Each structure stands twice: as structure tokens, then as C-alpha cells.
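Novice: Structure for the following, please:
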Amino acid sequence: MPTAPSGDILFDQAACALLLTEADGVILRANSMACTWLGYAEEELVGKVRMQDLLPVGARLFYHTHCQPILQVQGSVAEIQVDLRNKRQERLPMLINISRRQEADDMIDHWALFKASDRRAYERELLAARKAAEAALDARRSAEEELQKLNAQLSAADRRKDEFLATLSHELRNPLAPMRSALDVLKLKFGHGTDNRLLQAFDRQMRHLTRLVDDLMEVSRITQGRMQLQRAPVELSALVQGAAHDLAATMEAARHTLRLSIAAPPVVVDGDATRLAQVVINLLTNAAKYTPDGGTIELRLSCDDGTAEISVRDNGIGLPASALATVFNMFSQLEPALERSKGGLGIGLALVRGIVELHGGSVHADSPGPGLGSTFTIRLPLAQGSVWAPSLQAPSGTAAPAQLRVLVVDDNEDAAETLAMTLELHGCEVRTAATAARALEMLPGFAPAVALLDIGLPDMNGYELARRVRQLSAGAGITLIATTGWGQQKDRERAFAAGFDRHLTKPIDFDLLRSYLPN
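Specialist: Now for the predicted structure:
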């Protein structure tokens, strides 16, 4: 093991310049680094040169006025940056530490010199790095602030979009209501003729438009977190069969073959029957839309290991692998669909995913590739310990009891008149009112058994009108039905709190309305 170097070796081979001087500055000893930096041999310095001689005039004055007094008082000075002159009279920036010690009878100053040129370069680099870091930090802060601003703008835009969708669907329902009623009247009058293709086409397109409006409303509810499920035991076999029946006309129009493979009942899940039917109808509609005319679509319902599985398979345009992960995103569109001029709103599959996930289920898309068809599979947990019993259906008769008196209150004249015509064709005695005040005037003399009240009336809203009707002596026995374009859960709750017995969303499903009419 090597021995430790002696003190003389440490002094001579130090990485900085070391000098010993008398108190008056005469150099007594200099190490090799000091000689190298100053350009002198040691014998040229020792006993011949004072440290003051190596200082320029300004530095020499500073040494006498500041360094010497401090050395005398506290015995040391530290980190003094001055220039020294080397043998060639070149200035060398140095950082100097001086320590004064009593050795025998003499006061000896110990000098340690460090080249400041390298330090200055390092400081410059450090300063540059610091400025770069500060600039990067400022840029990051600016970027974060801009990102936060953009995020706030996007959030606000997203809220406005959701509000717009909800308002749009409401506004679309107002003109749909009289159109639906007018179509019902036409079907009753002319639907039994030898050629009713025009009415059938009108009915198909009306139902399609109504579904689009419903999808707009539902997706706005999901994105705003406002959708509430009306849960009850739901028998899926009947529900899936019913959805297929609803799409029969659509399939026939496109000359599609719809094959069914439905598990025997009961297949019971805990869910909202209306929402689940909407999911199946959306998947079937999607398959019909993106399958060339004359295609084959398969609808299957099966059970396995506590899970109900609904799948819709087609031989249509298919999906590229890149689209499988995004096809359920809002407003997702596929190029093949756009090229075929059959691109929809891009919300149907987003709505499917939202509703299925609210039920604790999952939905998955699969396709071998473009042109090879696709399969959409829904999995829902089966209900535990549920006993399903079919709900009682309204009588299948085509007419309500004769001379049932019905008051229709709606400021949309077309909506009021067409609904009145439909009710009259079913044997009802109907009167209409365009304002709440007129309705209140008509009630005592007309004495209706049923009142259909629009919510958005010009003089007072339908909620207030319902409350006033209930305050009348004859108002307690009237069946009050809210008819409105607003169909969220909070709207239903507000209607029931105001005294309504039923809540119908425009355009009114007349078969459902007929089931609400008293016998």
C-alpha cells in the first residue's frame, strides 16, 4: 500500500497556486503551479519579488487599503478577485484567499490563488444555462397557462355544445309533433287503401327523424351526466324481438335479410327497457345503413356465465383496424360511410356505449377489415334472483271510449289541430286552447276528462297551469298529461310535482297516449 505524500509534496503538487510571504509581501516560497501561472522560476520569485509587485496599480491600492487591515484584524481574507501580472506583463484574473499565521517569531501569509478565467467561463456557462432554464420555465408556464386557457375554452365549448344539442332536440320536436299527428290522421283515413306506399315511406322517415332527435337528446344527457335509468327487471328476449320488429320496415326497404337467433325467455337483466331497446335499435339501424342493399344482418341473444350477450353482425362495409378503438367516440365518422353518402350524425354508437356502460355492461366492435362486415357485441350482467313478469299492455282496440272529452292546450296551432284531429278520429270530443288563460276559461263549461298541456305556453308555463287546474273544484278528477319537447328526468319530476299524471315527449306516440286515456 503506498504511503501518504508528505506536506512538501502536497504543497508543491497542489492544483492551485500556493505562496508563502512575509507580512510585507516578500515571497518566501512558491509551488510549481504558481510558477507556471506567473511564468517565473521559483528562484526568480523567492526573496526578490513582493506580491504587491505582481498587482496592477488599482489592485495594489485595494490590497493596501482593504486586505492588509483585514488581515491585521481577523487574520484572513477570502475570495478576493484581482488581476495579477505574469512575467510577460499579461493580466491573469485570480481569486485569492489569504491566511496570516504566527510561525516562530515571524508572521507568515499563506496565499492560495485560483484562476478566475476558467471560473468566469464556467459562470458564463452557468449564467447562460440559468437563463436558458428560466426561459424554458417561463415558456412552460406560458404554455401551461395557455393550455389551461384552451382547456377552459374547450370545456366551455363542450358545455355549449351539450346545451345546444339539448335545445336543438327540443326545438326539433316542436315541428315533429304536428307532423306525427298529421301522419296518424292520414293513416287512419287513407291507410287501408290499395296503395299506401307513400304513407309507409312517410311513416318510416318520420320514425327515423324522431330517433335522430331522441339520440341527440340522449347523448346530451349522457355527456352532461344527467341520464337517469328507470331500472326494473327487463326480459331481453321480448325486447330484442320487439326491436327487430320495429326495424322490419327498414330492413325490407333495403332488401336486407334479418336473421334472428334469440335465447328462450326468461333472459332478465336489471335495466331501463326503453334505453336498452334504443341500444338494439341503434345497432340494427347502423348495420342496415352501412350494409349494401340486399345484405344479411344477424341479431343474436345468448346467455353465458351470468352474462347476457347481444350481437349484431352484418356483411357490410366493415371497419379498418384503426377505427375499432375510436368507432364509439362522439361524432366518429368513417371515410367509406361518407363516400357512400350514408354518414349519420356520428352519435349513435357513442350513445350505445354510454347507455350500456350505465347498465354496468360493455360493448365491443370487431371486423376482419374493410368490405368484410362487422360485429358489435353487447354484454350485460344478468339479474340475480329476478322474476320477470310481462307488463300489462294497453288494450289493442283502435278507439278510445266514445265522446271522451279532451282539452288540448298548445300555442303551436298546427300541433294542437293535428293532435285534435287524431283524437277526434278515435271518437273523442276535443277542444283546443292556445293560452293558459283561455284553457282556464274553457274548463268549467267543457269539463274535460283529459287535458293535454304544453309546457311552453306564452302567458304562463304548463306547470303553473297544472297547479291552477288542481285548485279548481272540478280539477282533481282531470287526467293531466304534460306534452313537451323537454324530456329529461328533472322535467318529468317537475311535471309530477306540479300535479301532472303523465309526461309525454313530443312528437307524441299516439299508441302510448291512447293507453293513458281513461276508460
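
Novice: hmm, which helix or strand of the protein has the shakiest average pLDDT?
Specialist: In the chain, no helix or strand scores lower on mean pLDDT, DSSP states H and E than helix 335-339, which sits at a mean of 44.

Novice: Which helix or strand lies directly C-terminal to that one?
Specialist: Where DSSP states H and E defines the elements, the next helix or strand beyond helix 335-339 is helix 348-358.

Novice: pull the CA atoms of that next one into CSV?
Specialist: The C-alpha coordinates for helix 348-358 follow below in CSV (Å, rounded to 0.1, in the frame of the first residue of the first chain):
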residue,chain,number,x,y,z
GLY,A,348,-75.4,6.5,-32.5
LEU,A,349,-72.5,4.3,-31.3
ALA,A,350,-71.5,6.8,-28.7
LEU,A,351,-75.0,6.7,-27.3
VAL,A,352,-74.9,2.9,-27.4
ARG,A,353,-71.6,2.8,-25.3
GLY,A,354,-72.9,5.4,-22.9
ILE,A,355,-76.2,3.6,-22.2
VAL,A,356,-74.5,0.1,-21.9
GLU,A,357,-71.9,1.4,-19.5
LEU,A,358,-74.6,3.0,-17.3
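
Novice: Now do the buried residues in it.
Specialist: Buried positions in helix 348-358, judged by neighbour count with 16 or more other CB atoms under 10 Å: 348-356, 358. (C-beta placed from N, C-alpha, C; glycine too.)

Novice: which residues in the stretch 351-500 of the chain form helices?
Specialist: Remark: helices assigned in the stretch 351-500 of the chain by DSSP state H, counting those that start in this stretch are 413-425, 436-446, 462-471, 489-498.

Novice: can you tell which of the ones you listed is closest to Ala78?
Specialist: helix 489-498 (76.0 Å; CB to CB).

Novice: Now the element after the closest one, going C-ward?
Specialist: Downstream of helix 489-498, the first helix or strand assigned by DSSP H and E is strand 502-505.

Novice: now that following strand: mean pLDDT?
Specialist: Mean pLDDT, computed over strand 502-505, is 88.

Novice: Show me what that strand pairs with in its sheet, parallel or antiparallel.
Specialist: strand 479-484 (parallel) (DSSP bridges).

Novice: Tell me which residues are up against the partner strand.
Specialist: For strand 479-484, the external contacting residues (CB atoms under 8 Å, 6 or more residues apart in numbering) are 177, 410, 449-456, 462, 466, 469-470, 491, 495, 499-506, 508, 513, 516-518.

Novice: Restricting to C-alpha, output it in CSV.
Specialist: Written as CSV, here are the backbone C-alpha positions of strand 479-484 (Å, rounded to 0.1, in the frame of the first residue of the first chain):
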residue,chain,number,x,y,z
THR,A,479,-106.2,13.4,-16.1
LEU,A,480,-103.4,15.9,-16.8
ILE,A,481,-100.8,14.9,-19.3
ALA,A,482,-97.7,17.1,-20.0
THR,A,483,-96.7,17.3,-23.7
THR,A,484,-93.3,18.9,-24.2
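
Novice: what angle separates it from helix 489-498?
Specialist: 150 degrees (axes from the mean of the first three to the mean of the last three CA atoms, to 10 degrees).

Novice: What is the neighbour count of Pro56?
Specialist: When neighbours are defined as other CB atoms under 10 Å, Pro56 has 14 of them.

Novice: Roughly how far does it sit from Leu324?
Specialist: 79 Å (CB to CB, to the nearest Å).

Novice: do the same with Lys187
Specialist: 42 Å.

Novice: Kindly report the same for Ala433.
Specialist: Ala433 sits 54 Å away from Leu324, going by CB to CB.

Novice: Counting neighbours around each, name which of the two comes out higher.
Specialist: Ala433 (24 against 14).

Novice: Ala112 is in what secondary structure piece?
Specialist: If you go by DSSP H and E, Ala112 is part of strand 106-115.

Novice: Partner strands of that strand, with direction?
Specialist: Going by DSSP bridges, the partners of strand 106-115 are strand 17-22 (antiparallel), strand 91-103 (antiparallel).

Novice: The last one: which residues count as buried?
Specialist: Residues of strand 91-103 classed as buried: 92, 94-96, 98, 100 (neighbour count, 16+ other CB under 10 Å).

Novice: And the shortest one, by the same measure?
Specialist: Of the residues in strand 17-22, those buried by neighbour count under the rule 16+ other CB under 10 Å are 17-21.

Novice: Relative to Ser374, which of those residues is nearest.
Specialist: Distances from Ser374 to the buried residues of strand 17-22, taken by CB to CB, are shortest for Ala17, at 81.7 Å.

Novice: got a list of what the closest one touches?
Specialist: Listed by CB under 8 Å, 6+ apart, the contact set of Ala17 reads 30-31, 33-34, 37-38, 94, 111-114.

Novice: For the residues you listed, which single residue is the most surrounded?
Specialist: Most surrounded of these: other CB under 10 Å gives Ala30, at 28 neighbours.

Novice: before we move on, the earlier item: and the contacts of strand 479-484, which are buried?
Specialist: Buried among these (16+ other CB under 10 Å): 177, 410, 449-455, 462, 466, 469, 491, 495, 499-506, 508, 513, 516-517.

Novice: Any figure for the gap between the residue sitting furthest away from the middle of the chain and Tyr290?
Specialist: Residue farthest from the centre of the chain, counting by CA atoms, centre = their mean, is Asp105 at 85.2 Å. According to CB to CB, Asp105 and Tyr290 sit 107 Å apart.

Novice: After the strand holding Ala112, heading C-terminal, what element do we hit next?
Specialist: helix 116-190.

Novice: Name the next helix or strand downstream of the helix or strand harbouring Glu298, please.
Specialist: Here Glu298, judged by DSSP H and E, is contained in strand 296-304. Of the helices and strands lying after strand 296-304 in sequence (DSSP H and E), the nearest is strand 307-314.

Novice: Run through who's touching that next one.
Specialist: Counting by CB under 8 Å, 6+ apart, 236, 240, 267, 269, 280, 283-284, 286-287, 290-291, 295-303, 373-382 sit against strand 307-314.

Novice: repeat for stretch 78-87
Specialist: Counting by CB under 8 Å, 6+ apart, 37-40, 44, 54-56, 59, 62-63, 67, 91-98, 113, 116 sit against stretch 78-87.

Novice: Where does pLDDT dip in the stretch 401-519 of the chain?
Specialist: Applying pLDDT under 70 to the stretch 401-519 of the chain flags the ranges 401-402, 487-488.

Novice: run the last query once more with 80
Specialist: Applying pLDDT under 80 to the stretch 401-519 of the chain flags residues 401-403, 485-491, 509, 511, 519.
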